[in-house]
Structure formats: structure tokens, C-alpha cells
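Visitor: Curious how this folds, go ahead:
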Amino acid sequence: MDDSKASTTNVVKILDKPITTSTKAFPKKFRTSNDSLKPKSEITIMAANDNEFQSAGLADLHLSASGQYTIYELEFALKSILNNPLNVGIKTIYIIDLRQEYHGFINGLPFSYFAPHNAINASENKNLILAKEKQLIYDLNNSDIPVELLEVQKKTKEGEIDIANSISLMPRNLQTEEEIVKELNDSFIKQYGVNILYQRFYVLDHHKPDDEEVDSFLKFAKKINPSYIWLHFHCKGGIGRTTIFSIMYDILHNANTLSVDEIIFRHYLLSGVDINTRNIDSEIEWLAKAAADRKEFIHKFYNYVKASDGYTHGTTWSKWITNQIN
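Guide: Next up, the predicted model:
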């Protein structure tokens with residue numbers, strides 16, 4: 001396979017993970033609420049010297065997070081969670097898919113449809129996204145020709161594909177992510193007596209979630225009992241969207257005892273992603289604005305959860321934030 005300049009004039013299909021035969025590896029950026037909060041790098045050591053960090057309530061969240069995974073990586077990660085003595089009593093694990101872009105699995109490998117900035121569905125209704133995604137995968141699955149994909153080696157600062165390998169894969173099996181999770185559910189019920197379930201929230205890469213998706217997430221989260229339900233959040237890279245939702249879930253449970261910056265900082269120690277600073281000073285205008293909007297959102301979300309007329313009062317996020325503007 002030769003390296004080549006990849007055009008981004010049209011939408012292209014890309015592999016989200018390099019081709020691998022490994023069955024015992026974690027997904028990229030995998031972390032759990034059981035992990036130590038000890039700084040993992042020189043950067044986080046320096047930051048920890050200037051910040052107090054708290055572990056209170058973290059392990060009780062029963063959450064994990066990562067980038068996009070292969071089938072084998074997901075299975076390995078889930079088994080590591082359930083084999084941990086700290087997690088005895090977990091009866092259900094939800095896979096929380098945060099990707100708005102079309103994506104699926106070909107022969108067990110994750111792939112997606114890519115446009116510049118990964119913004120293929122920027123203005124699309126989520127019901128239409130799901131219907132179109134299923135149709136795209138169905139069409140590929142019923143074709144007798146190889147699926148042409150790009151394995152991205154390098155992107156430009158603007159988020160466009162610069163260099164990629166061209167790969168052809170004959171589709172033995174094409175599935176949606178929900179179908180993958182349903183298959184795992186059957187085997188995990190037999191082996192562990194644990195349900196593996198799927199839930200999706202549609203979030204544009206690099207951006208904050210829109211108000212409708214925040215409302216949907218809060219409606220879902222209210223039904224979750226962390227004492228026996230585990231949540232695994234993921235997006236493509238395991239960085240922006242995944243960290244935002246991990247922090248949101250932490251805020252829902254620990255805002256009464258921790259400040260927003262304490263919560264953000266401990267997720268920085270877990271993931272290496274600091275929502276307060278990431279891309280804020282980017283020379284790319286759209287990226288810096290998206291990062292600033294995301295930071296502002298998470299601080300406002302914390303205020304919403306703490307407010308007497310907010311989350312505990314039963315007010316939806318969309319109604320509360322509208323009232324703040326007015």
C-alpha cells in the first residue's frame with residue numbers, strides 16, 4: 001500500500017483503528033474511575049504541584065472511557081472491568097456511543113465516513129443520521145466488491161486528511177456498533193450474568209453537545225444506579241467528547257462536594273485531557289472557538305446542577321440555559 005495525498009473534496013471512508021490481530025489490548029485512551037489519580041507524565045506532575053486533586057466519589061461512579069475500539073479491544077476492556085474485585089456487583093454495562101458521524105464495523109474493525117473537521121453530519125437530524133448510517137452499512141454489506149478505505153497517517157492543522165494509505169477490504173461482515181454490542185451481550189450474559197447494552201448520544205467532533213442531547217443524556221442518567229450499573233463512554237479519539245461526558249456524569253454525582261475545577265482536573269489526571277485549556281489558544285479559529293464554547297458549557301453545566309432552580313428542581317437543561325440567556 002503506497003502513501004498518497006488524500007483528497008477531502010468528497011466524503012471518504014476511513015479506518016478508525018489500524019489493522020491488528022491482537023485480542024488482548026485496551027482501546028486507545030482507556031481509563032476507568034478505579035484508576036489511580038497519580039500524575040502520569042511530567043506535564044501532569046507539574047500541574048498537580050499547583051492544584052489540589054480529590055478522589056472523593058470517583059470510584060463510586062463506575063465509569064470508563066476510551067477512543068473507538070475494535071471488537072476484541074472492547075471485549076478485553078469489559079472483561080478487565082468485570083474481573084476487577086472492586087467491581088463486584090456490576091450487573092449492567094452501558095456502551096455510550098458519542099459519535100455523530102456515520103460509523104460501523106467491517107470484519108470487526110471500526111470505520112467511519114469522514115469529511116473535513118470530521119463534521120459530516122454537522123446539521124443533520126439524529127434520526128436521519130441513524131437511518132442513513134444503517135442504509136450505508138446495509139448497502140456495503142450487500143455488495144460483491146471490496147470496500148475502499150483510507151488509513152490516515154497525517155492530518156493538516158485544519159483537520160483535513162493529508163497523508164493516508166489506501167486499503168481494500170472484502171466485507172465478510174459489516175455491522176453497526178449497536179449490533180456489535182448486542183452480540184457481546186449474549187456472550188457476557190452466559191459468562192458473567194451481566195448485560196452489555198448500547199446507548200448513543202449524537203455529538204459533533206470537537207464541539208460541545210447541543211441542548212437536545214444534553215436533555216437526552218440527563219433523562220438517561222437519572223435512571224442509572226451506579227452501585228450496579230457501569231457506563232463506558234467513547235468517541236473516536238477518546239479525548240474531547242468522551243472527557244466532556246465523563247465530567248458531566250461526575251458533576252451529576254459530586255457537584256455538592258467538589259468544585260468544577262477539581263472535577264475537571266481529576267479527569268485530566270485520568271486522561272491527559274484538560275477541558276479548561278485544550279485547544280483554547282489554537283491558531284485555528286474554528287477550533288479555538290469550539291474549545292472555548294466547550295469550556296464555557298461545562299462550567300455552566302456545573303452551575304445548572306448546583307442551582308436551586310436547575311437539575312434537582314426538575315428543570316431541563318435546555319429550559320434552564322434559555323432562562324439564563326433571557
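
Visitor: Tell me where the stretch 201-326 of the chain has strands.
Guide: In the stretch 201-326 of the chain, strands defined by DSSP state E, counting those that start in this stretch lie at 229-234, listed in chain order.

Visitor: where do the helices sit along it?
Guide: Ranges of helices within the stretch 201-326 of the chain are 211-221, 240-254, 260-271, 285-306, 317-325, based on DSSP state H, counting those that start in this stretch.

Visitor: Same list, those helices, but as JSON lines with distance to residue 159, mean pLDDT and mean neighbour count please.
Guide: In this view, the C-beta of every residue, glycine as well, is placed from N, C-alpha and C. Below are the helices of the stretch 201-326 of the chain laid out as JSON lines (distance: least, CB to CB, whole Å; pLDDT from 0 to 100; neighbours: other CB atoms under 10 Å):
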{"stretch": "helix 211-221", "distance to residue 159": "22", "mean pLDDT": "98", "mean neighbour count": "17"}
{"stretch": "helix 240-254", "distance to residue 159": "12", "mean pLDDT": "98", "mean neighbour count": "24"}
{"stretch": "helix 260-271", "distance to residue 159": "21", "mean pLDDT": "93", "mean neighbour count": "22"}
{"stretch": "helix 285-306", "distance to residue 159": "7", "mean pLDDT": "97", "mean neighbour count": "17"}
{"stretch": "helix 317-325", "distance to residue 159": "28", "mean pLDDT": "94", "mean neighbour count": "14"}
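
Visitor: mind giving me JSON lines with these and columns for distance to residue 157?
Guide: Conversion of the helices of the stretch 201-326 of the chain to JSON lines gives the following (distance: least, CB to CB, whole Å):
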{"stretch": "helix 211-221", "distance to residue 157": "28"}
{"stretch": "helix 240-254", "distance to residue 157": "16"}
{"stretch": "helix 260-271", "distance to residue 157": "23"}
{"stretch": "helix 285-306", "distance to residue 157": "9"}
{"stretch": "helix 317-325", "distance to residue 157": "32"}
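
Visitor: and residue 80, which of these is closest to it?
Guide: In terms of CB to CB, the element of those nearest to residue 80 is helix 260-271, at 15.6 Å.

Visitor: isn't residue 102 right up against residue 130?
Guide: No: contact criterion CB atoms under 8 Å: residue 102 and residue 130 do not qualify, at 9.4 Å.

Visitor: Show me which of the two is the more surrounded one.
Guide: residue 102 (23 against 16; other CB atoms under 10 Å).

Visitor: What helix or strand is the most far-flung residue of the chain relative to its centre located in?
Guide: Centroid-distance maximum for the chain: residue 144 at 32.6 Å, with CA atoms, centre = their mean. Following DSSP states H and E, one finds residue 144 outside all helices and strands.

Visitor: what's the span of stretch 310-326, first residue to last?
Guide: Length of stretch 310-326, first residue to last, CA to CA, to the nearest Å: 15 Å.

Visitor: Run through who's touching it.
Guide: The contact list for stretch 310-326 (CB atoms under 8 Å, 6 or more residues apart in numbering) reads 211-212, 214-215, 218, 252, 300-301, 303-305, 307, 309.

Visitor: so what pLDDT did the residue farthest from the centre of the chain get?
Guide: As predicted, residue 144 sits at a pLDDT of 85.

Visitor: and what of residue 203?
Guide: Listed pLDDT for residue 203 reads 96.

Visitor: so it touches residue 211, yeah?
Guide: No: applying CB under 8 Å as the test, residue 203 and residue 211 come out as separate, 11.9 Å apart.

Visitor: what about the strands in the stretch 51-200 of the chain?
Guide: 63-66, 92-99, 103-106, 109-114, 147-155, 161-169, 174-175, 195-203.

Visitor: most packed of those strands?
Guide: Each of the strands of the stretch 51-200 of the chain was scored by mean neighbour count; the highest is strand 63-66, a mean of 26, by mean count of other CB atoms under 10 Å.

Visitor: Partner strands of that strand and their direction?
Guide: Here strand 63-66 is paired, per DSSP bridges, with strand 31-32 (antiparallel), strand 229-234 (parallel).

Visitor: From the chain's centre, how far out is it? Work that out for me.
Guide: Once both centres are worked out by CA atoms, centre = their mean, to the nearest Å, strand 63-66 turns out to sit 8 Å from its chain's centre.

Visitor: How about stretch 228-242?
Guide: Relative to its chain's centre, stretch 228-242 lies at 4 Å (CA atoms, centre = their mean).
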